[in-house]
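Engineer: pasted the sequence and its predicted model underneath.
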Amino acid sequence: MYCINLNIKNDLNELQRISEALTQLAQMRNFPESLIYDINLAIDELVTNIINYGFTDNREHIIEVCLEEDDMFLITNIKDDGIAFNPLENPDPDTSILLEDKPIGGLGIYFVRKKIDHISYRRENNFNILTLKKKK
Amino acid sequence: MNVSEERQDSHYILSLAGRLDASTSNAFEEKFLSLIDEGETNILLNFSQLDYISSSGLRVLLLGAKKIKTKSGKISLCNLKSHIMEVFEIAGFLPLFKIYDSLDEALKA
């Protein structure tokens, strides 16, 4: 099996590299477009959160994204050295609220939960480590 | 992401191409909200070339929907790819916009 490692800088323009890597993986492994879209959305939302809220200094940080597979799952590990943040503790938004009262934001982590089958979080040596498993 | 603009009858059409994510949503937000500020009340977003949208893109659409409602205007969408439609559904965004299968259908409505 393979493992694709991406070192993403804390710059939103780097999101493009994630989608490029996933497009290549889709071609290599003949994955359906919907699987890649869902994985891309989940990684994109989490990495965007880390870039926007994870760092309290203005220095460059590297977010490690690693893609691998086992028999059943496409597995993504995301590791960052930002402030401790467990997205599993984020409450789900109420998506039934109508226009005027709909809050701006809060949907990203909800998408991750909806699109990914198993999510785990751990804090280890000042790193946040998220593992996402999506059925192939 | 690229955005092209044209006016057709009473509609102001923005055609989006590429990816509407956190890296592109700020530029789109500026264009979209300034159109509403300038008084456009019938904006049609053509998504036929839009490959991807994340919550950052939805955020801008929600801002626009709220803003245009105060001016009694409307935002319509057309040509949503199935995975984009699915994201709208999960987010509970389908009731916020008029959604059409094609540009023709949207223009006739």
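Structural biologist: Received, thanks.
Engineer: rest of the way, CA atoms for contacts and neighbours
Structural biologist: Fine.
Engineer: and chain A, which residues reach chain B?
Structural biologist: Contacts of chain A with chain B, taken as Cα under 8 Å from any Cα of the partner chain, map to A:12-13, A:15, A:34, A:37, A:41, A:44-45, A:48, A:95-96, A:98-100, A:104-105, A:107-108, A:111, A:114.
Engineer: cutoff 7 Å now
Structural biologist: Contact residues (Cα under 7 Å from any Cα of the partner chain) of chain A with chain B: A:12-13, A:34, A:41, A:48, A:95-96, A:99-100, A:104-105, A:107-108.
Engineer: what about dumping the CA coordinates of the one helix or strand B:Glu6 maps to to PDB?
Structural biologist: Element membership of B:Glu6 [criterion: DSSP states H and E] is strand B:2-8. In PDB, the C-alpha atoms belonging to strand B:2-8 read as follows (Å, rounded to 0.1, in the frame of the first residue of the first chain):
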ATOM      1  CA  ASN B   2     -13.200  32.600 -12.200                       C
ATOM      2  CA  VAL B   3     -16.400  34.700 -12.100                       C
ATOM      3  CA  SER B   4     -17.900  36.100 -15.300                       C
ATOM      4  CA  GLU B   5     -20.800  38.600 -15.200                       C
ATOM      5  CA  GLU B   6     -23.600  39.500 -17.600                       C
ATOM      6  CA  ARG B   7     -27.000  41.100 -17.500                       C
ATOM      7  CA  GLN B   8     -29.800  39.300 -19.300                       C
END
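Engineer: please see if that strand touches chain A.
Structural biologist: No - applying Cα under 7 Å from any Cα, one finds strand B:2-8 separated from chain A by no less than 14.4 Å.
Engineer: relative to that strand, what are the paired strands and their orientations?
Structural biologist: Using DSSP bridges, strand B:2-8 pairs in its sheet with strand B:11-20 (antiparallel).
Engineer: now do the helices in chain B.
Structural biologist: Ranges of helices within chain B are B:25-37, B:55-69, B:82-91, B:103-108, based on DSSP state H.
Engineer: let me fix that, I meant to ask about chain A.
Structural biologist: Counting by DSSP H, the helices of chain A are A:15-29, A:33-53, A:108-115.
Engineer: mean neighbour count added to these, as CSV?
Structural biologist: Output for these, formatted as CSV (neighbours: other Cα atoms under 10 Å in any protein chain shown):
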stretch, mean neighbour count
helix A:15-29, 14
helix A:33-53, 19
helix A:108-115, 20
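Engineer: mean pLDDT added to those helices, as a markdown table?
Structural biologist: Shown next, in a markdown table, are the helices of chain A (pLDDT from 0 to 100):
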| stretch | mean pLDDT |
| --- | --- |
| helix A:15-29 | 95 |
| helix A:33-53 | 96 |
| helix A:108-115 | 96 |
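Engineer: with distance to B:Ser15 added, can I get these in TSV?
Structural biologist: Converted to TSV, the helices of chain A look like this (distance: least, Cα to Cα, whole Å):
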stretch	distance to B:Ser15
helix A:15-29	20
helix A:33-53	21
helix A:108-115	24
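Engineer: quick one: which of those helices is nearest B:Ile68?
Structural biologist: Taking Cα to Cα, helix A:108-115 is the member of these nearest to B:Ile68, at 23.8 Å.
Engineer: spell out which parts of chain B neighbour chain A.
Structural biologist: Residues of chain B lying near chain A by Cα under 7 Å from any Cα: B:22-23, B:54-55, B:59, B:66, B:83, B:91-92, B:96.
Engineer: pLDDT score for residue 77?
Structural biologist: All of this is about chain A. In this model, A:Asn77 is scored at 98, pLDDT.
Engineer: the chain in question should be chain B.
Structural biologist: B:Leu77 carries a pLDDT score of 98 in this model.
Engineer: tell me how far it lies from B:Ser56.
Structural biologist: 17 Å (Cα to Cα, to the nearest Å).
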